[in-house]
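Engineer: Pasting the sequence and the predicted coordinates here, then a few questions.
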Amino acid sequence: MNRRFPLLWLVPIVLVILLLGGCASGVHATNWTTIVLHDGTLYAADLEQVRALDAETGQETWAFPAQPDLRQYGPFYTVTLLDDETLLVTSYERPGGGFFARSVGVLRALQRGSGQEVWPQPFAAAGEFVAPGAAGDSIFVIGNSDGNVYALRIADGMLAWTFPTRNRVWATPLVVSDTVYIASLDHHLYALDLHRGALRWQFKAGGAMADRPLMLNDVLYIGSFDHNLYALRPADGSEIWRFTGANWFWGTPAGDGGRLYAADVNGNVYALDAATGTEIWRSRVNGMVRLGPALSADGKRLLVASENGTLFGLDTADGFVLWQQAGQGQIGSMVIGGERVYITRINAPQRVQSFYVETGRPIWSYPPEGEK
């Protein structure tokens, strides 16, 4: 069984960078942190705790646990909105806290309004949950570094089904109606039945795929470590077109109907015709890019985050870099809400920040500058 993929050496380098740097609190990150925006509140994993922050001001509403306790909880990495009342958070913990205890990936459901635990007990898997999951029709689906895709019942956290792949699963799934689309480092994108986990089809690329596909105009778009961006038919996974970039496509593309925007890990940013894959323009930002770009609501700004901690605002008309905001640490995730963009940082004193999409001007940081 071949588990190798092109440029395999780069993945350990990226992870080693994370392992070597500790955040301001002394927690050593092995993964990237994520953020969710819902109904005026940000829910952020910042290693030590999961926090609910007022999106307007950055003021903390609640935190889980109330006080950091890494002997029992965390570090926390991802947050997913399960429904209007419930959040799902992931952590990588050492049960019992003993020196020889083996770390496991842990899933917990929290009340969105209070941060109180919902499920009778957490769900644990052998590997780390690297990316957030996705929910649909009372089922939550998430991939794990042990190579499995897990589906849990949202109501109680009980396992509904498991689907094995042939390598680690670092990608967030996409749930559309009764189908789950999820990629694996085994070079495959899988389409699974949401309720049974049965395989509907699989598409094989020339390299690993490490993020969620984008569904746009009834077409699936996904990047691969083989330098290609693929357009696929969601009914059967057949290929419509492919575009070859200068390096890996890691993050999920963004789109506005007629155009598709993607960035490769070298910092090349592409605008493509969504129907044909024809290149419209190409730009470049400084630093390695893992995250997929984010598109403003009016379609005029494309935000790109580099691994060196800089956030860039590009004009979607021609790819011109209009502004950039440097910062400490690495940007773990970003989400746009109206005229604002929110990001998480690791290995930095400010773990969550807000900027204006149009100008890049800072709005607030959490914790406020000067606080730890």
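Structural biologist: Yep, that arrived.
Engineer: Please count neighbours and contacts with C-alpha atoms only from this point.
Structural biologist: Noted.
Engineer: pretty sure Gln350 is in contact with Tyr366, am I right?
Structural biologist: Yes. At 5.4 Å, Gln350 counts as touching Tyr366 under the criterion of CA atoms under 8 Å.
Engineer: more neighbours, those two?
Structural biologist: Using other CA atoms under 10 Å as the criterion, Gln350 and Tyr366 rank with Gln350 on top: 24 against 19.
Engineer: Next up, the contacts around Leu88.
Structural biologist: Applying CA atoms under 8 Å, 6 or more residues apart in numbering, we find Leu88 in contact with 79-82, 107-110.
Engineer: quick one: it from Ala44, how far?
Structural biologist: 11 Å (CA to CA, to the nearest Å).
Engineer: Give the residues shared as contacts by these two.
Structural biologist: With CA under 8 Å, 6+ apart as the test, Leu88 and Ala44 both reach Val79.
Engineer: Number of residues surrounding Val285?
Structural biologist: If you count neighbours by other CA under 10 Å, Val285 ends up with 22.
Engineer: likewise Phe64?
Structural biologist: If you count neighbours by other CA under 10 Å, Phe64 ends up with 21.
Engineer: Ok, Ala297 next?
Structural biologist: 14.
Engineer: so it sits right up against Gly338, yeah?
Structural biologist: Yes. Between Ala297 and Gly338 a contact is recorded at 6.5 Å, counting by CA under 8 Å.
Engineer: Tell me which residue is most central in this structure.
Structural biologist: Ala131 (5.3 Å; CA atoms, centre = their mean).
Engineer: Kindly export stretch 39-50 (C-alpha atoms) in CSV.
Structural biologist: In CSV, the C-alpha atoms belonging to stretch 39-50 read as follows (Å, rounded to 0.1, in the frame of the first residue of the first chain):
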residue,chain,number,x,y,z
ASP,A,39,-25.1,35.3,15.4
GLY,A,40,-22.7,38.0,16.5
THR,A,41,-20.4,35.7,18.6
LEU,A,42,-17.0,34.3,17.8
TYR,A,43,-16.2,30.8,19.1
ALA,A,44,-12.4,30.3,19.1
ALA,A,45,-10.1,27.5,20.2
ASP,A,46,-6.9,29.0,21.5
LEU,A,47,-5.1,25.9,22.9
GLU,A,48,-5.7,26.5,26.6
GLN,A,49,-9.5,27.1,26.3
VAL,A,50,-12.4,27.5,24.0
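Engineer: could you say which helix or strand contains the residue nearest to Asp226 when sequence neighbours are not counted?
Structural biologist: Of all residues not flanking Asp226 in the chain, Gly207 sits nearest, at 4.5 Å (CA to CA, 6 or more residues apart in numbering). Here Gly207, judged by DSSP states H and E, is contained in no helix and no strand.
Engineer: distance of Gly207 from Gln328?
Structural biologist: Computed with CA to CA, the distance linking Gly207 and Gln328 is 32 Å.
Engineer: Could you do Ser177 as well?
Structural biologist: Remark: distance between Ser177 and Gln328 (CA to CA) = 40 Å.
Engineer: ok, now Leu81?
Structural biologist: Leu81 is 28 Å from Gln328, by CA to CA.
Engineer: So which of the two has more stuff around it?
Structural biologist: The neighbour count for Leu81 versus Gln328, taken as other CA under 10 Å, is higher for Leu81 (22 against 15).
Engineer: Find me whatever residue is spatially closest to the more buried one, sequence neighbours aside.
Structural biologist: Leu87 (4.7 Å).
Engineer: ditto for Tyr366
Structural biologist: Val352 (5.0 Å).
Engineer: Surely the one you found is in contact with Val335?
Structural biologist: No. Contact between Val352 and Val335 fails when scored by CA under 8 Å: they sit 11.2 Å apart.
Engineer: list residues touching both of the two?
Structural biologist: Counting by CA under 8 Å, 6+ apart, the common neighbours of Val352 and Val335 are 342-343.
Engineer: more neighbours, these two?
Structural biologist: Comparing Val352 with Val335 by neighbour count (other CA under 10 Å), the higher total belongs to Val352, at 28 against 21.
Engineer: give me every residue that touches the more buried one.
Structural biologist: If you count contacts by CA under 8 Å, 6+ apart, Val352 has them with 44, 342-345, 365-367.
Engineer: The spatially closest residue to Thr310 that is not a sequence neighbour: neighbouring residues, count only.
Structural biologist: Distances taken as CA to CA, 6+ apart place Ala326 nearest to Thr310, at 4.1 Å, with adjacent residues excluded. When neighbours are defined as other CA under 10 Å, Ala326 has 12 of them.
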